[in-house]
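Student: Kindly return the folded structure for what I paste below:
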Amino acid sequence: MALIGSEVGAARGETGGAGRLVRADPIRSVALAMIVVSVLWRAQIASRGYLAADDYVLITQSTESRLTPGFLFTLYNNHFMPGGRLLTWLVTDAFGLTYWPYVLLMAAGQALLAVAFYQLLRTLLRPSRLLFVPLGMFLFSPLTLEATSWWAVGANMLPMQLSMVLALGAQLRYVRTGRKRHLLSLVLSVLLGLLFFEKALLVVPLVFLFTVCFLTDGGPVRSVLTALRRWWPSWLVQAALVGAFAAVYLTRSESSLRRPDSLGEVLSFLTQLFGSTLVPGLLGGPWGWLGAGDGAAVVAPPELARWIAWSAFVALVVLTVKRDRRATRAWVLLGSYLILVATLLAATRLGSVFSAVAGGVPRYVSDAVVVACICVGVALVGIARPASAGGEPTDGEPESLAGDPAPAAEPESLSEPERTLAAPRTVLAAASTRAGVIHAEAPEDPEPAPAEETPPAEDPARPPASALPPDPTLAPASALTPDPTLAPASAAGPARVVEPTPEAAPDWLGRVPERYREVVTAGLALLLVAAVFGTVWTTSRFSDEWAKKYGRSYLDTARIELASAPPGTVFFDDVVPEGVLSNLSKPYNLQSRFFAAAGSRPEFVRDTENASLLDGLGRVQVATIQGSSIQPGPQEGCGYLVANGQTVRMPLNKPLFEWHWIARIGYLSSTDGTAVLRFGNGSYTFPVKKGLNQRFFEIEGGDDDAVELTVTGPDLTLCTNEITVGNLTPKPE
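Tutor: Numbering: from 1, shown residues only. Down below sits the predicted model:
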């Protein structure tokens, strides 16, 4: 025992601070390093880009509204997202049209999600370095790049993913302990997702599938019935939450269901979704991107790479199932959830103008990445099952966050005979915990057994160790796997502790014949290296695409131009370029609304003597009109002569349809007065000034091939040969 104490003491004194933490749990240390690298890398990628598309609309709506329940619970494109609206309103109110606060929010959300996902893996899976595979897949998956770069996507998907992870963790703890407080955690986790994205309703069936596939035994029917019978309170509280949410959402939403145009459209969508997006994305793809303007790019994988990815994925499924039949449950869970996602997407995205690329949008399956990574982890490592004496299920929690059993009492605090018994019991209990058995439920959290008072070692009344009753914490030798950390006792001294091997997991190749193991191991190592390099390449290419932001250039240029424009520079309200904000966002693509949250805003008018405009690059330009002009008038040197009280009809060189137009008139007037221009059913009244002048004004009309002009004023006569109706355009220099 002195040898044990000296070795333990030496190990404790070997390093200090961070080094001690790394030695205590190297898996956690490496995992935290991976999380830090992932968050920083994603934040750098996000910072290269800017706001895009829906971001501008959400910011404008926040600028134009007060923070009220009505504003928060207003649907956006039929999406229920009061949480996202709240965060957008707070950032807009404090910083205006600024991007960096959203980068920080997305980085913070990713960090919380990554830590929660790691904790779920450590609680769910057996201790093994193979945990880095599902963790790395999740942290660096190219399928989640949109959620960590584009605010409108991240405001929906990051909370939903966090809701999924927290809900699964709460359900796992409830099943293993029976504690009702975990039901409250489960409800709050689902509610978190629903406050940011109505798609979080999928968390409820996911929790059920998770319970049936991972926390029960037997065939499909027996597993379902067991889950329903044993944990009915969980399904009851989730059903109540879903019912309450549906009552709120359905009263405010419009149906988003669409009908696909054909069966071929459905098959093309599924092929694209699974064949080009999901499976290649899980293995480091898609390796190529197709630019989509200021929005996030869509996948464009090379054909050969796509088939290689599918072959590798199928090989992984076959290998894990052959190694352990229980891995089948992991792939059943993944397939079931993907069916739910594909059905939802097909019902809401097909039959629209975007259905041809709907299957190539990674954000549509970013929630499935959470499920896929969990299932890969279970298939590779297996589920942690706490064990008790004799290999029977215990009522305790799974392994600690570090994956190690709870430490026993320090041997130094016991008498010499007790230390002799405690050391092998501690090591054997640890081996028993690592071995694990199938465990489905437990009535309550375990309570530590009270310490037993022992008489002094020299008490002659104390029976010898061989006469003591069996220790209830010591499993039979037949139920234990030999512990590599326990060296056999010999004549030289008692058992002593040996440094554990780095890999605590069992032989994960399982039933693979010995002659094939070297080839299989080399192939899997090659696949892992290829996936890592593919992920780096794919992410770098996405970063380059995301950095191309027309809206940022337009906005920055406009701010500079407006700040240096001369006093009195005014503009007619016009739409921003299509590349900045699509016409589908109407009326939020108007400049007056787009610049609402900007520090420098243009001054907009309905009529003016001198008009300016912002061109497609954001530069301030002198404006003129391009459209339909009147034909030359009959009066030489005057064109059309209009006297007080008269109305003169002036034919256009081409008809125009009815629309909101801008008109310009250049005229020579004898005195001040008033004029009225009519175009179809529309008209506009404007002041007339003496001398040579021009006027720009808005007019709504059309479906006519001529305009009519009427002037009013004492002794007023007006000559004009310049009337044009159309749209603003920069005046040629």
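Student: mind listing the helices for the stretch 101-250 of the chain?
Tutor: Assigned by DSSP state H, counting those that start in this stretch, the helices in the stretch 101-250 of the chain fall at 132-140, 151-177, 181-194, 203-214, 220-230, 232-250.
Student: ah, wrong one, I meant the stretch 551-700 of the chain
Tutor: So, for the stretch 551-700 of the chain - with DSSP H, counting those that start in this stretch - the helices run 591-594.
Student: List just the one of the helices of the stretch 101-250 of the chain that sits closest to residue 592.
Tutor: Closest to residue 592 of those, according to Cβ to Cβ: helix 151-177, at 21.4 Å. From N, CA and C alone the C-beta is placed, and that goes for glycine too.
Student: Next, the angle helix 181-194 makes with that closest one.
Tutor: Angle of helix 151-177 versus helix 181-194, following axes from the mean of the first three to the mean of the last three Cα atoms, to 10 degrees, is 170 degrees.
Student: re the thing from before, what's the most buried one of the helices of the stretch 101-250 of the chain?
Tutor: Ranked by mean neighbour count, those are led by helix 151-177 with a mean of 25 (mean count of other Cβ atoms under 10 Å).
Student: for that helix, packing partners?
Tutor: helix 54-64, helix 82-95, helix 100-124, helix 181-194, helix 203-214, helix 366-381 (3 or more Cβ pairs under 8 Å, 6 or more residues apart in numbering; DSSP states H and E).
Student: right, so those helices: which one is the most enclosed?
Tutor: The most buried one of those (mean count of other Cβ under 10 Å) is helix 366-381, showing a mean of 25.
Student: now the angle between helix 100-124 and it, please.
Tutor: 30 degrees.
Student: burial count for residue 564?
Tutor: 10 (other Cβ atoms under 10 Å).
Student: pLDDT weak spots in the chain?
Tutor: 1-23, 255-257, 353, 386-513, 515-517 (pLDDT under 70).
Student: hmm, 80 instead?
Tutor: Low-confidence segments of the chain, defined by pLDDT under 80: 1-24, 253-261, 350-356, 385-524, 599-600, 733.
Student: which strand of it spans the most residues?
Tutor: Longest strand in the chain, counting residues (DSSP state E): strand 717-730.
Student: returning to what we had before: nearest to residue 370, of the helices of the stretch 101-250 of the chain?
Tutor: Judging the helices of the stretch 101-250 of the chain by Cβ to Cβ, what sits closest to residue 370 is helix 151-177, at 5.0 Å.
Student: what angle sits between that closest one and helix 203-214?
Tutor: Using the same axes, to 10 degrees: helix 151-177 against helix 203-214 is 40 degrees.
Student: returning to what we had before: could you dump the helices of the stretch 101-250 of the chain into a markdown table and include distance to residue 719?
Tutor: Formatted as a markdown table, those follow (distance: least, Cβ to Cβ, whole Å):
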| stretch | distance to residue 719 |
| --- | --- |
| helix 132-140 | 73 |
| helix 151-177 | 54 |
| helix 181-194 | 68 |
| helix 203-214 | 73 |
| helix 220-230 | 88 |
| helix 232-250 | 64 |
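Student: Please name the strands paired to the longest strand of the chain in the sheet, noting orientation.
Tutor: strand 620-629 (antiparallel), strand 640-643 (antiparallel), strand 659-669 (antiparallel) (DSSP bridges).
Student: which one of those strands lies closest to residue 262?
Tutor: Across the strands paired with strand 717-730, closest to residue 262 is strand 659-669 (Cβ to Cβ), at 35.6 Å.
Student: quick check, distance from the closest one to the centre of its chain.
Tutor: 50 Å (Cα atoms, centre = their mean, to the nearest Å).
Student: Show me which positions of that strand end up buried.
Tutor: Neighbour counts over strand 659-669 (16 or more other Cβ atoms under 10 Å) mark 661-665, 667-669 as buried.
Student: which one among these gets closest to residue 28?
Tutor: Lowest distance from residue 28 to these (Cβ to Cβ) belongs to residue 662, with 65.2 Å.
Student: dump the residue contacts of that closest one.
Tutor: Residues counted as contacts of residue 662 (Cβ atoms under 8 Å, 6 or more residues apart in numbering) are 572, 611, 625, 696-699, 725-728.
Student: The nearest residue to residue 629 once chain neighbours are set aside and residue 175, how far apart?
Tutor: Leaving out its chain neighbours, the residue that sits closest to residue 629 by Cβ to Cβ, 6 or more residues apart in numbering is residue 724, at 4.4 Å. Distance, residue 724 to residue 175, by Cβ to Cβ, to the nearest Å: 75 Å.
Student: and what of residue 94?
Tutor: For residue 94 relative to residue 175 (Cβ to Cβ), the value is 43 Å.
Student: Of the contacts of residue 662, just the buried ones, PyMOL syntax please.
Tutor: Here is the PyMOL command that selects the buried residues among those (16+ other Cβ under 10 Å):
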select buried, resi 572+611+625+696+697+699+725+726+728
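Student: wait, which of the contacts of residue 662 is closest to residue 336?
Tutor: residue 727 (53.9 Å).
Student: Distance of the closest one relative to residue 606?
Tutor: Applying Cβ to Cβ to residue 727 and residue 606 gives a distance of 15 Å.
Student: Please apply the same query to residue 577.
Tutor: 22 Å.
Student: ok, now residue 156?
Tutor: Distance from residue 156 to residue 606, by Cβ to Cβ: 38 Å.
Student: List the contacts of the residue nearest to residue 629.
Tutor: 625-630, 663-664.
Student: likewise residue 371?
Tutor: Taking Cβ under 8 Å, 6+ apart as the definition, contacts of residue 371 comprise 164, 206, 333-334, 337-338.
Student: Need the buried residues of strand 659-669 in TSV (columns: distance to residue 313).
Tutor: As requested, the buried residues of strand 659-669 are exported to TSV (distance: Cβ to Cβ, whole Å):
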residue	distance to residue 313
661	57
662	58
663	63
664	63
665	69
667	74
668	78
669	78
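Student: Just the closest of those to residue 33, please.
Tutor: Checking these one by one against residue 33 (Cβ to Cβ), the nearest turns out to be residue 662, at 59.8 Å.
Student: how about the strands in the stretch 251-400 of the chain?
Tutor: Along the stretch 251-400 of the chain, counting by DSSP state E, counting those that start in this stretch, strands occupy 289-292, 295-299.
Student: so which of those strands gets nearest residue 258?
Tutor: strand 295-299 (19.4 Å).
Student: so how far is that closest one from its chain's centroid?
Tutor: 14 Å.
Student: Can you list the neighbours in contact with that strand?
Tutor: In this structure, residues lying in contact with strand 295-299 by Cβ under 8 Å, 6+ apart are 52-53, 145-146, 149-150, 153, 276-277, 280-281, 285-286, 288-292, 357, 360-363, 542, 545-546.
Student: Just the C-alpha atoms of that strand, please, in PDB.
Tutor: Output of strand 295-299 as PDB, limited to C-alpha atoms (Å, rounded to 0.1, in the frame of the first residue of the first chain):
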ATOM      1  CA  GLY A 295     -27.000  34.600 -50.000                       C
ATOM      2  CA  ALA A 296     -25.100  31.400 -49.100                       C
ATOM      3  CA  ALA A 297     -23.900  29.200 -51.900                       C
ATOM      4  CA  VAL A 298     -25.600  25.900 -52.800                       C
ATOM      5  CA  VAL A 299     -23.800  22.600 -53.100                       C
END
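Student: so what strands line up beside it?
Tutor: Assessed with DSSP bridges, strand 295-299 is paired to strand 289-292 (antiparallel).
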